[in-house]
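Participant: Turn this into a model:
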Amino acid sequence: MFIHETTIRVRYSETDQMGYVYYGIYAQYFEVARVEFLRDLGIRYKDLELKGIALPVVNYNIDYKHPAYYDDNLEIQTKISDINKYKIIFKYETYNQEKTLLNVAKTSLVFINMKTRKPCMLPDMIFKKLNKQ
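Facilitator: Sure thing, here's the model as predicted:
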């Protein structure tokens, strides 16, 4: 199983008054991790969009275990937990520089035809690249 690792340093503007990374920021971190995961497989979001395919998030779930703080160096491990020709589910684990597990999350994305805005099948070539993982 392919696991991609993305490193992100927490910026000051991403923290709240308690000094923790604001909970909503993790959705952005996971988007960065997901895009880099696909890029490493040879799949660029830009290319999907040029083919008329969008991948909106239809479900997002996160379980917080420990906070992250300003200037922490986070490692997000991303993998595919399920895929079919219409939907892909990513799982994430976020660790700090001490290797403490901070959270676990999952996003579900559906392949959408950008013209009709309706679910569509993923092109076989891309499905094969993803399904290998």
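
Participant: Any chance you could give me the top helix by length along the chain in CSV, C-alpha atoms only?
Facilitator: When the chain is parsed with DSSP state H, its longest helix is helix 25-40. Presented in CSV, the C-alpha positions along helix 25-40 are these (Å, rounded to 0.1, in the frame of the first residue of the first chain):
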residue,chain,number,x,y,z
ILE,A,25,-6.9,24.5,9.0
TYR,A,26,-6.6,20.7,8.9
ALA,A,27,-8.9,20.5,5.9
GLN,A,28,-6.4,22.7,4.0
TYR,A,29,-3.5,20.5,5.2
PHE,A,30,-5.2,17.4,4.0
GLU,A,31,-5.9,19.0,0.6
VAL,A,32,-2.2,19.7,0.2
ALA,A,33,-1.4,16.2,1.2
ARG,A,34,-4.0,14.7,-1.1
VAL,A,35,-2.8,16.7,-4.1
GLU,A,36,0.8,15.8,-3.5
PHE,A,37,-0.2,12.1,-3.1
LEU,A,38,-1.8,12.1,-6.5
ARG,A,39,1.0,14.1,-8.1
ASP,A,40,3.5,11.4,-6.9
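
Participant: center of the chain - which residue?
Facilitator: residue 34 (3.2 Å; Cα atoms, centre = their mean).

Participant: still on that earlier bit, which strands or helices does the longest helix of the chain pack on?
Facilitator: strand 4-9, strand 57-64, strand 73-83, strand 87-95, strand 101-110 (3 or more Cβ pairs under 8 Å, 6 or more residues apart in numbering; DSSP states H and E). C-beta coordinates here come from the backbone N, C-alpha and C atoms, glycine included.

Participant: change it to 6 Å
Facilitator: strand 4-9, strand 73-83 (3 or more Cβ pairs under 6 Å, 6 or more residues apart in numbering; DSSP states H and E).

Participant: Kind regards, and thank you for your time.
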